[in-house]
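> Model the following, please.
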Amino acid sequence: MSNLNGFFLFLNAFKCTSELPKRLAAISFARTPCCVVVADTIGDVYRLPVEGDCDLKAEQVQGKHLLLGHFSLLTDLCIGHGYIATSDRDNRIRISRFPGAFVIENFLLGHSALVTCVSWVSKYKILSGGGDGTLRLWDVNSGKATVFHFSGDDRQSDLIVTSVDVCPSENNLFAVLLHEKPQLYIMYFSASDDVLSVACEFRGEDHNAVISGACFDSSGVLWVSKSDAGAIEGYKVRRGAGGSAELQRHSASFVRQNTVGETKQMYRSNRAL
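You can find the predicted model right below:
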């Protein structure tokens, strides 16, 4: 979440307010235990207690609790299935237990540029995007990944994956955005073939408008925001034959008052962790 005022609004809603010395890089919400987890740009990840969080000691309840740290600048985090995944500008993804993040399960190495975003798919699968223009679906235990190159080959390109999110109702469908590009990709993973492919490429009514944010809510509605629009639009993903898909307009939409990053984190809070 890039807007600090928005950050405090979220924390106030959860009856939790804390000040951090550095600019935030990522924020997520956990249900078990109930807490807010934030990362600053220098690489530290904190757990902030909210009402009902009884796991922390008495002296920790009123303030932040350091979970883990990176030696590099941190770019994103996500929580799920008893783990926390954190990514950094040194091309690494760290998999740690949650909330006991001092136990490191694995490091996922393979991106040739910074890792920009991460999202859990299942207990042992995690999705990542990077500055090398690739989408990678990792096996957390083995550290191996299925790779899709948006450049069309494995050579270095100027394409940067900026956002990935997993459809909760179809966890082999993913929404992917590229930096300053007008299209949104719905990606499909075929477990039988171990292949990632494009199921749908979406541009919306204005084909030249840059799509700046996209995320699924808990019911599977995909919310899309454009850089020059004042509203966030909802779409349902419909599966087609084979690995194809299409987006159909959902009746709901709302005026954007927050940044796209804030909206993404808001819907993450509704996801089962």
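> Okay, buried residues for the helix or strand hosting Lys236 please.
Here Lys236 is covered by strand 231-239, with elements defined by DSSP states H and E. Of all the residues in strand 231-239, those buried under the rule 16 or more other C-beta atoms under 10 Å are 232-235, 237, 239. Where you see a C-beta, it was placed from the backbone N, CA and C, and this is true even at glycine.
> ditto for stretch 103-113
For stretch 103-113, the neighbour count (16+ other C-beta under 10 Å) marks 106, 108, 110-111 as buried.
> Distance from the chain centre to it, please.
Put simply, stretch 103-113 sits 16 Å off its chain's centre (C-alpha atoms, centre = their mean, to the nearest Å).
> what's in contact with it?
Contact with stretch 103-113 is made by 83, 91-97, 126, 128, 130-132, 134, 136, 138, 140-141, 143, 145, 147, 156, as judged by C-beta atoms under 8 Å, 6 or more residues apart in numbering.
> can you rerun that using 6 Å?
Residues from elsewhere that reach stretch 103-113 (C-beta atoms under 6 Å, 6 or more residues apart in numbering): 91-97, 130-132, 138, 140, 143, 145.
> which of these are buried?
Of the members of these, the ones counted as buried by neighbours, 16+ other C-beta under 10 Å, are 91-96, 130-132, 138, 140, 145.
> Now, those residues that are in strands?
Residues of those located in strands (DSSP state E): 92-96, 130, 138, 145.
> Redo these as JSON lines? Include distance to Glu205 and pLDDT.
Shown next, in JSON lines, are these (distance: C-beta to C-beta, whole Å; pLDDT from 0 to 100):
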{"residue": "Arg92", "distance to Glu205": "39", "pLDDT": "95"}
{"residue": "Ile93", "distance to Glu205": "36", "pLDDT": "97"}
{"residue": "Arg94", "distance to Glu205": "40", "pLDDT": "96"}
{"residue": "Ile95", "distance to Glu205": "40", "pLDDT": "96"}
{"residue": "Ser96", "distance to Glu205": "43", "pLDDT": "95"}
{"residue": "Gly130", "distance to Glu205": "30", "pLDDT": "95"}
{"residue": "Trp138", "distance to Glu205": "35", "pLDDT": "97"}
{"residue": "Ala145", "distance to Glu205": "35", "pLDDT": "96"}
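> Which members of the residues you listed are the farthest-apart pair?
Among these, the pair separated by the greatest distance (C-beta to C-beta) is Ser96 and Gly130, at 19.7 Å.
> Specify the next element, helix or strand, located C-terminal of the helix or strand of the chain with the lowest mean pLDDT.
Ranked by mean pLDDT, DSSP states H and E, the weakest helix or strand in the chain is helix 4-13, scoring a mean of 43. Sequence-wise, the next helix or strand downstream of helix 4-13 (DSSP H and E) is strand 24-31.
> Flag every buried residue along that next one.
By neighbour count on 16+ other C-beta under 10 Å, the buried set for strand 24-31 is 24-30.
> Which one of the residues you listed is nearest to Ser219?
Nearest to Ser219 among the buried residues of strand 24-31: Phe29, at 17.3 Å, using C-beta to C-beta.
> so what's that closest one bridging to?
In this entry, Phe29 is beta-bridged to Val36, by DSSP bridges.
> and what of Ser197?
Tyr188.
> hang on, it packs against Tyr188?
Yes. Between Ser197 and Tyr188 there is a contact at 5.4 Å, judged by C-beta atoms under 6 Å.
> joint contacts of the two?
Common contact partners of Ser197 and Tyr188 (C-beta under 6 Å, 6+ apart): Gly243.
> farthest pair in the buried residues of strand 24-31?
Greatest spacing in these, by C-beta to C-beta: Ala25 and Ala30 (17.2 Å).
> Export the buried residues of stretch 103-113 as JSON lines, with columns for secondary structure.
Output for the buried residues of stretch 103-113, formatted as JSON lines (DSSP: H, G, I helix; E, B strand; the rest coil):
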{"residue": "Asn106", "secondary structure": "strand"}
{"residue": "Leu108", "secondary structure": "strand"}
{"residue": "Gly110", "secondary structure": "coil"}
{"residue": "His111", "secondary structure": "coil"}
